[in-house]
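1. Generate coordinates for the sequence data below:
(chains A and B)
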Amino acid sequence: MFNALGEYLLLMFQVFRKPDKRKIFRKQLFLEFQNLGIDSLGIVAIISAFFGGIVAIQTAYNIDSPLISLTMVGFTTRQSIILEFSPTIISLILAGKVGSRIASEIGTMRITEQIDALKVMGVNTANYLIFPKVVASLLINPILIIFSVVVALFGGWLACVVTGLVTSQDYILGIRYCFEGFIVFYALIKTVVFAFIIASVSGYQGYFTKGGALDVGRSSTKAVVYSSILIIIFDLILTQLLLT
Amino acid sequence: MIEAVNISKFFGNHEVLKNISLQFEKGKTNLIIGRSGSGKTVLMKCLVGLYGVDKGHIDFDDRNLSKMTSKEQRDIRKDLGMLFQGGALFDSMNVEENIMFPLTMFTKKTYEEKLERVNFCLNRVALENTNKLYPSELSGGMTKRVAIARAISMNPEYLFCDEPNSGLDPITAGVIDELISEITKEYQTTTIINTHDMNSVLKIGDKVAFIYDGELWWKGDKHQILKTDNKELNDFVFATELTTRLKN
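-> Have a look, this model is predicted:
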């Protein structure tokens, strides 16, 4: 474990260097915005919309007392979505989708000697391959999470209105009730940390792939598993640090 | 000229290369031959700096590779072209982008100048008008030729070829051999080729080194190799039915 940690840190020293050529870095960065961000919009939208609806319906069904206002449905949905669902659950989903993509892409380049070819040319391979992915993730994931929050809250509203459990007015009032900007800041801090974990851990797993096609699969699985575990651990740490 | 001086390489406790000293001359095709697992690829990877050596040193025109700063090593790599066994073309790029990549990365040429160089290199390997094809659309022979075009795009002083003929039919293999030999003579590169193809040895082997179990067992040229009384080398050279019949 300590070997892996040392290897990871040394790799990160290579990653966070000045890119060999800015023009190529810019091109790679925009490519990664597409690959890691825009390509994930669909899955983020679908999961967020349904999750928002589910949270709203479950909350509405659990309010038995007539003393509790139905505006609480909007309030609870908002808090659940912003505090935990969008930053953490969507990051876990991205760890699966984006993490496996990064690890398998870099791992395949490793076993087909494409990384060696870059190295022989004199390219800083860690920087060229991983840095644009890390930067793209750090920039695009917060946008994805804000998008997820908006879609999930809309999904909650739609579920309430269609089922007739809560009126549109009550739901919107609940969403606006006691809103603190800090929870969005907290969600974005978590998102940025999780984005770094996903891109760097997956990059590391792909970069040190050894063997053949089976090993690329193994690296990809490890990338998802380790990223997910680290996301949960850092979720706990950041929650303790920022919310208490 | 590239010189390996008493180099040894260990993987754990296993000594893969044992005190090898070799000189690779400029303008000549220097072949490294040996059985699979004898250490040829490790030797080549040490020569290009992909692996560090545990003992000895490697000199590029009297400049010690291991004593160079990382910037100096990167500079020398710009003079170095390598053809990998599987081609190692970048999947996400088409032929033109593959060949143009080192030019974009390390030169300030305009797109037109780079395109001119790409077309020159493609013409050199007889693959005109394949600019927009992707690696997945190329045959084995075409992949190797594109890889050669990429390797020579920066006008390298040193050209390394790891098993350039593996997986190719004898005619295509012959074309690749001739191409590498012509490029070596034309641009006076120091060319090092890993192979176990005896056709290549007899056709283009200006200098031949035989590696056996990580040791330098024999060195000479394509004429001397058929006359040697070295048992391990003879076993290797006359391992096929065809060469045995020719010998008899």
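2. Please identify which residue in chain B comes closest to chain A.
-> Here chain B gets closest to chain A at one residue, B:R77, 3.4 Å apart by CB to the nearest CB. Every residue, glycine included, has its C-beta placed from N, CA and C.
3. biggest helix in the chain by residues?
-> The chain I'm using is chain A. The longest helix of chain A (DSSP state H) is helix A:125-163.
4. Can you look at chain B instead?
-> Using DSSP H to define each element, chain B has its longest helix at helix B:170-187.
5. circling back: can you name the element that comes right after the longest helix of chain A?
-> Counting by DSSP states H and E, the next helix or strand C-terminal to helix A:125-163 is helix A:168-176.
6. Tell me the helix or strand right after the longest helix of chain B.
-> Once the chain leaves helix B:170-187, the next helix or strand it forms, by DSSP H and E, is strand B:190-195.
7. just checking, what packs against that following strand?
-> strand B:14-24, strand B:29-33, helix B:40-47, strand B:158-162, helix B:170-187, helix B:198-204 (3 or more CB pairs under 8 Å, 6 or more residues apart in numbering or on different chains; DSSP states H and E).
8. Mean neighbour count, these: which tops it?
-> strand B:29-33 (a mean of 26; mean count of other CB atoms under 10 Å in any protein chain shown).
9. and that strand with strand B:158-162, angle?
-> 30 degrees (axes from the mean of the first three to the mean of the last three CA atoms, to 10 degrees).
10. if we can go back for a sec, turn the helices and strands packed on strand B:190-195 into a markdown table, columns for mean pLDDT and distance to A:L242.
-> Listed next are the helices and strands packed on strand B:190-195 as a markdown table, based on pLDDT from 0 to 100; distance: least, CB to CB, whole Å:
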| stretch | mean pLDDT | distance to A:L242 |
| --- | --- | --- |
| strand B:14-24 | 90 | 51 |
| strand B:29-33 | 91 | 60 |
| helix B:40-47 | 90 | 48 |
| strand B:158-162 | 91 | 53 |
| helix B:170-187 | 86 | 61 |
| helix B:198-204 | 85 | 65 |
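11. ok, is the longest helix of chain A in contact with chain B or not?
-> No - Helix A:125-163 does not reach chain B (CB under 8 Å from any CB of the partner chain); its nearest approach is 8.7 Å.
12. got the contact list for A:V123?
-> When contacts are counted by CB atoms under 8 Å, 6 or more residues apart in numbering or on different chains, A:V123 touches A:20, B:105.
13. Return the per-residue confidence for it.
-> With respect to pLDDT, A:V123 scores 88.
14. how about it, secondary structure?
-> What DSSP: H, G, I helix; E, B strand; the rest coil gives for A:V123 is coil.
15. Next, it: phi, psi?
-> Phi and psi for A:V123, reported as degrees, to the nearest 10, are phi -90, psi 140.
16. what's the spacing between it and B:F101?
-> A:V123 is 9 Å from B:F101, where distance means CB to CB, to the nearest Å.
17. what's the answer for B:V16, then?
-> 31 Å.
18. tell me, how many neighbours does the residue in chain A positioned nearest to chain B end up with?
-> Distances from chain A to chain B, computed as CB to the nearest CB, single out A:G122 as the nearest residue at 3.4 Å. Using other CB atoms under 10 Å in any protein chain shown, A:G122 has 22 other residues around it.
19. nearest spatial neighbour of it, skipping sequence neighbours?
-> B:R77 (3.4 Å; CB to CB, 6 or more residues apart in numbering or on different chains).
20. give the contact list for the one you found.
-> Here B:R77 is in contact with A:120-122, B:48-49 (CB under 8 Å, 6+ apart).
21. do that again at 10 Å, thanks
-> Each residue near B:R77 by CB atoms under 10 Å, 6 or more residues apart in numbering or on different chains is listed here: A:119-123, B:48-49, B:102, B:106, B:154, B:156, B:158.
22. With distance to A:D170 as added columns, please give those in CSV.
-> Shown next, in CSV, are the contacts of B:R77 (distance: CB to CB, whole Å):
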residue, distance to A:D170
A:K119, 61
A:V120, 65
A:M121, 63
A:G122, 64
A:V123, 59
B:V48, 70
B:G49, 69
B:P102, 64
B:F106, 64
B:M154, 69
B:P156, 73
B:Y158, 75
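23. Quick check on those: which are buried?
-> Among these, those buried by neighbour count (16 or more other CB atoms under 10 Å in any protein chain shown) are A:119-123, B:48-49, B:102, B:106, B:154, B:156, B:158.
24. and which of these is nearest B:V5?
-> B:G49 (15.1 Å; CB to CB).
25. Against B:E186, how distant is the residue nearest the centre of chain B?
-> Residue closest to the average C-alpha location in chain B (CA atoms, centre = their mean): B:C161, at 1.7 Å. Counting by CB to CB, the gap from B:C161 to B:E186 is 16 Å.
26. Helices of chain A, start to end?
-> Counting by DSSP H, chain A has helices at residues A:2-15, A:22-32, A:41-62, A:71-80, A:90-94, A:100-111, A:114-121, A:125-163, A:168-176, A:182-207, A:213-243.
27. meant to ask about chain B
-> Here chain B has its helices, by DSSP H, at B:40-47, B:70-77, B:95-106, B:111-124, B:140-152, B:170-187, B:198-204, B:231-237, B:241-247.
28. In the fifth one, which of the residues would be classed as buried?
-> By that I understand helix B:140-152. Residues B:141-152 are the ones in helix B:140-152 that count as buried (16+ other CB under 10 Å).
29. ditto for the last one
-> Applying a neighbour-count criterion of 16+ other CB under 10 Å, one finds B:T243 buried in helix B:241-247.
30. Quick one: list the elements packing against it.
-> helix B:198-204, helix B:231-237 (3 or more CB pairs under 10 Å, 6 or more residues apart in numbering or on different chains; DSSP states H and E).
31. Dump the ones you listed to JSON lines, plus distance to chain A.
-> As requested, the helices and strands packed on helix B:241-247 are exported to JSON lines (distance: least, CB to the nearest CB, whole Å):
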{"stretch": "helix B:198-204", "distance to chain A": "20"}
{"stretch": "helix B:231-237", "distance to chain A": "25"}
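32. how about these in a markdown table, adding distance to A:L29?
-> Listed next are the helices and strands packed on helix B:241-247 as a markdown table, based on distance: least, CB to CB, whole Å:
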| stretch | distance to A:L29 |
| --- | --- |
| helix B:198-204 | 43 |
| helix B:231-237 | 50 |
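33. Show me the one of the ones you listed that comes nearest A:S86.
-> Judging the helices and strands packed on helix B:241-247 by CB to CB, what sits closest to A:S86 is helix B:198-204, at 60.3 Å.
34. For that closest one, name the packing helices and strands.
-> strand B:29-33, helix B:170-187, strand B:190-195, strand B:207-212, helix B:231-237, helix B:241-247.
35. got the angle for the first one vs helix B:40-47?
-> Our comparison of strand B:29-33 with helix B:40-47, counting by the same axes, to 10 degrees, yields an angle of 130 degrees.
36. With just CA atoms, put strand B:29-33 into CSV.
-> Provided in CSV are the C-alpha atoms of strand B:29-33 (Å, rounded to 0.1, in the frame of the first residue of the first chain):
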residue,chain,number,x,y,z
THR,B,29,22.2,-1.5,-39.9
ASN,B,30,23.2,-3.0,-36.6
LEU,B,31,21.2,-6.2,-35.8
ILE,B,32,20.7,-7.7,-32.4
ILE,B,33,19.6,-11.3,-32.8
